[in-house]
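Participant: structure for the following, please:
(2 chains)
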Amino acid sequence: MKLKRRFIFLATVLSMFVLLMSVTGAAAAEKKYKIATVVKVDGIAWFDRMRVGVDEYAKETGHDLWMVGPAKTDAAEQVQIIEDLIAQGVDALCIVPFSVEAVEPVLKKARDAGIVVISHEASTQENVDLIIEAFDNHAYGANIMKDLGKNMGGKGGYICTVGSLTSKSQNEWIDGAVAYQKENFPDMYEVTSRIETYDDATIDYQKIKEALVAYKDLKGICGGPMPTSAGAGLAIEERNLQGKVFFTGTGLPSIAGQYLKSGAIQTIQFWDPAIAGKVMNKIAIAFLDGKKEEIKDGANLGFPGFESIKQDTEKKNLFYGAGWVVVTKDNVDEYNF
Amino acid sequence: MDKILRKNEFWLFCILLLMAFIVGGSNDAFWSRTNLFSLFKSSVVMGIFALGVLLVIVSGGIDISFPAFAVFSFYITVKYLLYIKFTGPVVIPFAMSMAIGTLLGLMNAFLISTFKLIPLIVTLGTGSAVTGFLRAFVGTGTLSNLPQPLIDFSRWNIYTETLSDGSVIGFSGSFLILIALSLAVAFVLRRTTLGRGVYAMGGDLTAAVRAGLPVPKLYYFTYGLVGALAGTAGIVHCSLIRLANPRDLEGAEMEVIAAVVLGGASLTGGKGTVSGTILGVFLIVLIKGSLILVGIPTDWQKVAIGVVLITATALTAYRSSKGGR
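Facilitator: As a prediction, the model looks like this:
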């Protein structure tokens, strides 16, 4: 008898405790979302910078936001990380996929579990609530060509580099650049088909040196991948070709800064991954707050380059910013990545 | 034996000349000093690596950890020298990188000789472990503001010329390092007891042990030297490209091993020469550095490299098998 009474007492206390916990737990969840940003690979300058953005935004909003990524670029490892996050029960996932196709099944699983999925650098993603790109790839390429054509005086031959011929976005940049050249600089021409450099500055350097030997009329280099900025800078500086051969393309101040300052290259262009990280998280929070209709054509997301986002004409959940940053030797010191 | 080897190199040299004439015939810019100087410079890093791989292949082993060791050595060297704001002679970074490489190489030797493990597995493991350690504890960022002595080294030319259009070409002084190291390794392999021991060990390990050769000592010697060469190649690479990027040189091992095998070294050990190896390196550098000149479309460049490599290896192998009869 005594034992039974004690048991009832214990059960009451326990159930009250559980009730209390669940009430406070629910209250906490209402004001704090758990959102993971999953990137291609952790530990490179690019995504270190994105982490800075995500962490800053977490402080600003008070939500539980963090960034993770595989130690090396590996599609399977990225999928595994997303699986783990689904099991942990996050509210939203912001993803920069290494391979768009490889993550489709696991993103479907996430969405089936009620998780909001926002992606970046993945314009063809299917299983996703919304895709936000820093810019329209063709417009980004056109902007590279605008500077290159201006520096070359609208005349002469040029080459284009891509990390790989299968890299979708880089090839779209170059498509945009070439289209802009045809329209605006009729006296310029591509001397050879686009050159593959495997995102390796050494290969960029060697290929550009070779192209300079092979094509005497080569005056411009239009760089798709980031390392081309360093390879081109070295090739130009070493042969004292400043002012005769020009480079414009994707590059980071930390890698191309020395060549911008020495005058070997004129402009580099990139988009700030910190802002991309913030924008993705902001959209995810809007979706979780039930305000997804606010993310529409022309909406101002309140970040540089995202003051008036553009909706894709065909794919209704695909949006673009105009988030590129152009860096010359005058403003290179403002960036530390 | 010596005769066959000499024959092998002779044929390799012929293939090299043939390739040069094919490329030069389709675009005479190939013969310009601008291009030739550039090709010599491109072969320095690969050449130094290849000397190390030659040693280890002659000893009957294999090493695939050397690119990781090279990166580890130059990255730590550069990071430390930047930290102390180093401005002294360029010998110091070279010595540091070489010393780090040597220590890592000795670690391979320790594992292989003490536990009698297969070199392929040991070096696969140490290479991966060293890369992981570097990224986890030292850093992952690319360092682009190298210490001034290394920048000066990358600008060091033993001959410069101003062309009519005002551009400048130079013959990189780094090539002297490749020449010096080639002579040193050739001397060690040919003229010293240690070097002959390495050949004997690669030819027949059991016989070498029975003949009383100091096999553990030979392991330490071989893998230590491979490490030292990797450290040197690493610092040269980082200086020449003016970046210390911890993700560089990934996958370089296959190309270097291909060059050494192309140069006549036998993967079963006991066979291989420095001159053959250097010719193998030149051939690969020439093929890779001439695809734009010949005008091969980007999509076909990999196919072209594969076809030329297989043809060249098949020709030298066929020649040497005929010579052996």
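
Participant: next up, the contacts around residue 33.
Facilitator: I'll assume chain A. A:63, A:64, A:91, A:92, A:284, A:285, A:288 (Cβ atoms under 8 Å, 6 or more residues apart in numbering or on different chains). All C-beta spots, glycine's among them, are computed from the backbone N, C-alpha and C.

Participant: correction: the question concerned chain B.
Facilitator: Taking Cβ under 8 Å, 6+ apart, we find residue B:33 in contact with B:161, B:169.

Participant: what's the burial count for residue B:228?
Facilitator: Number of residues near residue B:228 (other Cβ atoms under 10 Å in any protein chain shown) recorded here: 24.

Participant: ugh, typo on my part, it should be residue B:17
Facilitator: For residue B:17, the count of nearby residues is 10 (other Cβ under 10 Å).

Participant: repeat that for residue B:10.
Facilitator: 15.

Participant: quick check: buried residues in stretch A:94-113?
Facilitator: Residues A:94, A:95, A:96, A:97, A:98, A:100, A:103, A:104, A:106, A:107, A:110, A:111 are the ones in stretch A:94-113 that count as buried (16 or more other Cβ atoms under 10 Å in any protein chain shown).

Participant: check what contacts that stretch and list those residues.
Facilitator: By Cβ under 8 Å, 6+ apart, stretch A:94-113 touches A:35-41, A:47, A:50, A:70, A:73-76, A:78-79, A:82-83, A:85-86, A:93, A:117-122, A:124-129, A:277, A:280-281, A:284.

Participant: so which of these belong to helices?
Facilitator: The subset of these located in helices under the criterion DSSP state H comprises A:47, A:50, A:75-76, A:78-79, A:82-83, A:85-86, A:277, A:280-281, A:284.

Participant: quick one, which of those are buried?
Facilitator: Looks like the ones in helices among the contacts of stretch A:94-113 have A:47, A:50, A:75, A:78, A:79, A:82, A:85, A:86, A:277, A:280, A:281, A:284 buried, using 16+ other Cβ under 10 Å.

Participant: for these, work out which two are farthest apart.
Facilitator: With Cβ to Cβ as the measure, no two of those lie farther apart than A:75 and A:281, at 23.3 Å.

Participant: mind putting the buried ones among the ones in helices among the contacts of stretch A:94-113 in TSV, distance to residue B:50 and pLDDT included?
Facilitator: Formatted as TSV, those follow (distance: Cβ to Cβ, whole Å; pLDDT from 0 to 100):
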residue	distance to residue B:50	pLDDT
A:47	35	87
A:50	39	93
A:75	33	86
A:78	36	93
A:79	38	95
A:82	42	96
A:85	45	96
A:86	48	95
A:277	43	95
A:280	46	96
A:281	49	96
A:284	51	96
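
Participant: which residues does the residue nearest to residue A:328 when sequence neighbours are not counted bridge with?
Facilitator: The shortest distance from residue A:328 to any residue other than its chain neighbours is 5.2 Å, reached at residue A:267 (Cβ to Cβ, 6 or more residues apart in numbering or on different chains). Using DSSP bridges, the bridge partners assigned to residue A:267 are residue A:248.

Participant: tell me how many other residues surround the residue lying closest to residue A:72 once chain neighbours are set aside.
Facilitator: Spatial nearest neighbour of residue A:72, excluding adjacent residues (Cβ to Cβ, 6+ apart): residue A:41 at 6.2 Å. Residue A:41: 19 surrounding residues under other Cβ under 10 Å.
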